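J.: How does the following fold in three dimensions:
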Amino acid sequence: MIGEDDFEPRLGRLRSRGGRVGHSYLQRVLHAQARAGGGKPVGKGFNGSRIGRGAIAARMLGSRDRFATQRQRRVIVKSRLILLNRPKSLDAARAHLRYIQRDGVTREGEPGRLYGAGRDKIDGRDFLDRQAGDRHQFRFIVSPEDGSEYEDLKPLTRRLMAQMELDLGTKLDWVAVDHFNTGHPHTHIVVRGKTDQGRDLVIAPEYLTSGLRERAAELVSIDLGPRTDVQIKDRLQREVEQERLTGIDRRLLRDMDVDRIVTAADPDPFQQTLRAGRLKKLADLGLAEARGAGRWTLAGGLDDTLRRMGERGDIIRTLQRAFSANSLERAPGDIAIADPATMTPIVGKIVERGLSDEMNDRHYLIVDATDGRVHYVDIGRGAATDVIPIGAVVRVAPTQTQARVVDRTIAAIAEANGGRYSIDRHLRHDPSATEAFAEMHVRRLEAIRKLTQDVEREPDGTWTIAPDHIERAAAFEAQRARATPVIVDTLSSVPLDRQAGHDGATWLDRELVSAQPEPLRAVGFGAEVAAAKVLRQRWLVEQELADEEQGRVAYRANLLTRLRQRELSRVAGKLSDELGLSYVESKSGDRVEGIYRRPVDLASDRYALVEKSREFTLVPWRPVLERHLDQSVSGVMKGDGINWTIGRGRSGPSVS
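T.: Sure thing, here's the model as predicted:
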């Protein structure tokens, strides 16, 4: 007899979708389960936010009385998951630990010190060694709004991590560093991506975005007590006039209708006053328009505009601190915030390098340029730009976002071969091309595939190229430019004030003999360069490297080569004494072979030290050498450059 709880499965063929197109049997079971439990059906409504540890704690914290949390102390928590199973990812993790332990982050201006659950000093190398083979790690920045009231953040951090262990149901392997070098004391925490059972630690997104912040706010409220009515009102009243996205703005955006209409009305008189005052401020900023009867229209993109205004305000304050610290004086019109989309290349000296976004590792430069203006330049990820000394002369140019010649070549070959590209097709299409040249195009495709998946490689090594490949390549360049928006080239590591009397080729010399020197404005660095040029000319005349005739200075032939050789000989002599090896000069046409040991910086250029058994030489350096430290290299000198062959033997890849 069949009862109401009995059922008979109706089996179909393997992989059959059943009677409803687009719904598998498993999906229908899950939908039925969701309906029975009153939850949302699995499908478009599923976002994975409750997958991982801490989801229950996050939901519990998120469902608390919102009015009760008004009095809770505020804490900002930024979280980031870092993959460690990529090339050089552990090197980047090691660099991050070095950075958060840098000089000047304590109250006393000393280097930061890693600590953990039970120790005040932890070796970062041991912590990273335990992560060899790990899939990922977590990084957090915890910044209490009232962090300045804590003499020491270690007890708070340890209690927070202990509570996090309870929420996640596992012991955590973590280290932390406290920073007191900004107006808001904060803590950097790095957590290993493994549970105490050795499995991958998966934390629910809900916990990362809100749960941990609520836990931190609870602890700070216990330590300092809940916020008073006066403190809450003061903070809200300050938000009314701020030129950044505020909590009042977020509430206004939530309350507006489909026509972007919102009212200042609120049952609470204090809240109504806040809304009315904020709407008036937004109108002054051109972001709201009065419609009468207390109704207002909010501008489209209001939140993005206010975020950008907030960022600009932060930049202005950063510039003001730099001006004060470096005794700079400049008119308001001589302050510029570089926009890579519209900027022209600038040349100037580095005044300051700093961190604009610690969580995302975004750095900035402040450059006093020859145009008389002081520029704030977002240079993107810190690892993308080498460490450059303060005072060095640099050229900053926007990263190009157009498709390259290599992309056009690939598109042309694919168009002639039915949308396919391969090395064989390339060589047939262009008989003058070498296999090494074609392999360069394959490396370009690999880079695009890795980042954007916009090209597809077949098992036989051929590539499927879309008709709009050039547009996709341009999009790839634009995506990369977000991480590195500008290119910073060091023109001279020697500060300008030391170049006037430096015995070697300098940037000043290149400017003096250039047919198109940098235009100078008689303000700031531009004025400094003009004065330094006069001093340099006098020095060159004294050294009999230039002649002064009727108020004009004539430079000797091959001035730069002579100066470069003088400095090269002097530096080579010091290195010979240091290494106990004899120096051999390399000239155009000579073959250079040996072990690349390290770069050597001169005032004019960077050279590579290539060592053989009993001698060494100095030859022009190229960035490709950094990946081949202490490896065999060989090449042929060609004028002021060299055509390198990396690795043993003469058949390896050639790099000019």
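
J.: In contact with residue 601, which residues?
T.: Under the criterion of C-beta atoms under 8 Å, 6 or more residues apart in numbering, the neighbours of residue 601 are 493, 607. Quick note: C-beta positions are derived from backbone N, CA and C, even for glycine.

J.: okay, residue 68: pLDDT?
T.: The predicted local confidence for residue 68 comes out at a pLDDT of 54.

J.: scratch that, residue 178 is what I was asking about
T.: For residue 178, the pLDDT comes out at 93.

J.: Give me the number of neighbouring residues for residue 141.
T.: A total of 18 residues lie near residue 141 under the criterion other C-beta atoms under 10 Å.

J.: likewise the one 10 residues further on?
T.: By other C-beta under 10 Å, 7 other residues sit near residue 151.

J.: Poorly predicted segments of the stretch 1-150 of the chain, please.
T.: Residues of the stretch 1-150 of the chain that meet the criterion pLDDT under 70 lie in 1-50, 64-70.

J.: Can you show me the strands along it?
T.: Read by DSSP state E, counting those that start in this stretch, the stretch 1-150 of the chain holds these strands, from start to end of the chain: 75-83, 136-144.

J.: ok, now the stretch 451-600 of the chain?
T.: According to DSSP E, counting those that start in this stretch, the strands that the stretch 451-600 of the chain contains are 456-457, 463-464, 486-492, 546-549, 552-555, 582-583, 591-601.

J.: Relative to residue 230, which of those is closest?
T.: Taking C-beta to C-beta as the criterion, strand 486-492 is the member of the strands of the stretch 451-600 of the chain that comes nearest to residue 230, at 46.0 Å.

J.: what are the pairing partners of that closest one, and which direction each?
T.: Sheet partners assigned to strand 486-492 using DSSP bridges are listed as strand 393-398 (antiparallel).

J.: can you put the strands of the stretch 1-150 of the chain in JSON lines and add distance to residue 631?
T.: JSON lines is the format used below for those (distance: least, C-beta to C-beta, whole Å):
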{"stretch": "strand 75-83", "distance to residue 631": "28"}
{"stretch": "strand 136-144", "distance to residue 631": "30"}
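
J.: tell me the centre residue of this protein?
T.: When the chain is reduced to its mean C-alpha position, the nearest residue by C-alpha atoms, centre = their mean turns out to be residue 381, at 2.2 Å.

J.: sorry, back to before: need the strands of the stretch 451-600 of the chain in a markdown table (columns: distance to residue 444 and mean pLDDT).
T.: What follows is those, written out as a markdown table (distance: least, C-beta to C-beta, whole Å; pLDDT from 0 to 100):
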| stretch | distance to residue 444 | mean pLDDT |
| --- | --- | --- |
| strand 456-457 | 12 | 88 |
| strand 463-464 | 10 | 92 |
| strand 486-492 | 18 | 92 |
| strand 546-549 | 46 | 90 |
| strand 552-555 | 43 | 91 |
| strand 582-583 | 39 | 93 |
| strand 591-601 | 26 | 90 |
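
J.: so which of those comes closest to residue 365?
T.: strand 486-492 (7.0 Å).

J.: what's next to that closest one, contact-wise?
T.: 338, 340, 343, 347, 365, 377-380, 385-386, 388, 392-399, 499, 506-507, 603-604.

J.: Buried among those residues? Make that a ChimeraX selection.
T.: To isolate in ChimeraX the members of the contacts of strand 486-492 that are buried, counting by 16 or more other C-beta atoms under 10 Å, one can use:
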select :338,340,343,347,365,377,378,379,380,385,388,392,393,394,395,396,398,399,499,506,507,603,604
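
J.: Tell me who's in contact with the residue lying closest to residue 556 once chain neighbours are set aside.
T.: Excluding the flanking residues, the one nearest residue 556 by C-beta to C-beta, 6 or more residues apart in numbering is residue 545, at 5.2 Å. Listed by C-beta under 8 Å, 6+ apart, the contact set of residue 545 reads 555, 556, 559, 562, 563.

J.: residues contacting the first one?
T.: Translated: residue 555. Contact partners of residue 555, counting by C-beta under 8 Å, 6+ apart, are 512, 513, 540, 545, 546.

J.: Quick one, which of these are buried?
T.: Looking at the contacts of residue 555 with 16+ other C-beta under 10 Å, the buried ones turn out to be 512, 540, 545, 546.

J.: For these, name the two members farthest from one another.
T.: Between any two of the buried ones among the contacts of residue 555, the greatest separation by C-beta to C-beta is 10.7 Å, found for 512 and 545.

J.: So what's the residue count around the residue lying closest to residue 422 once chain neighbours are set aside?
T.: For residue 422, the nearest residue in space outside its immediate sequence neighbours is residue 462; the separation is 4.4 Å by C-beta to C-beta, 6+ apart. By other C-beta under 10 Å, 18 other residues sit near residue 462.

J.: next one: residue 387
T.: Residue 387 is flanked by 6 other residues according to other C-beta under 10 Å.

J.: Please report the distance of it from residue 140.
T.: 26 Å (C-beta to C-beta, to the nearest Å).

J.: show me where the stretch 251-400 of the chain has helices.
T.: Taking DSSP state H, counting those that start in this stretch as the test, the helices found in the stretch 251-400 of the chain are 269-284, 302-325.

J.: and among those, the most buried is which?
T.: helix 269-284 (a mean of 17; mean count of other C-beta atoms under 10 Å).

J.: need the helices for the stretch 501-650 of the chain, in chain order.
T.: Secondary structure of the stretch 501-650 of the chain, counting by DSSP H, counting those that start in this stretch: helices at 507-513, 525-542, 559-579.

J.: So what's the model's average confidence on the helix or strand hosting residue 217?
T.: Secondary structure from DSSP states H and E places residue 217 in helix 212-224. Across helix 212-224, the average pLDDT comes to 91.

J.: Show me what that helix is in contact with.
T.: Contacts made with helix 212-224 from outside it, assessed by C-beta under 8 Å, 6+ apart, are listed as 54, 57, 61-62, 64, 69, 71-77, 79, 140, 142, 144, 146, 149-150, 156, 159-160, 163-164, 167, 227.

J.: returning to that earlier point: any chance of the helices of the stretch 251-400 of the chain in CSV, plus distance to residue 431 and mean pLDDT?
T.: Supplementary listing: the helices of the stretch 251-400 of the chain in CSV, determined by distance: least, C-beta to C-beta, whole Å; pLDDT from 0 to 100:
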stretch, distance to residue 431, mean pLDDT
helix 269-284, 66, 92
helix 302-325, 53, 89
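
J.: Return the distance of residue 456 relative to residue 474.
T.: When C-beta to C-beta is the yardstick, residue 456 and residue 474 sit 19 Å from each other.

J.: which one is residue 83 nearest to, not counting chain neighbours?
T.: Spatially, and ignoring its direct neighbours in sequence, residue 83 is nearest to residue 136 (5.2 Å; C-beta to C-beta, 6+ apart).

J.: my guess is the one you found meets residue 81, correct?
T.: Yes. With contact defined as C-beta atoms under 8 Å, residue 136 reaches residue 81; the gap is 5.6 Å.
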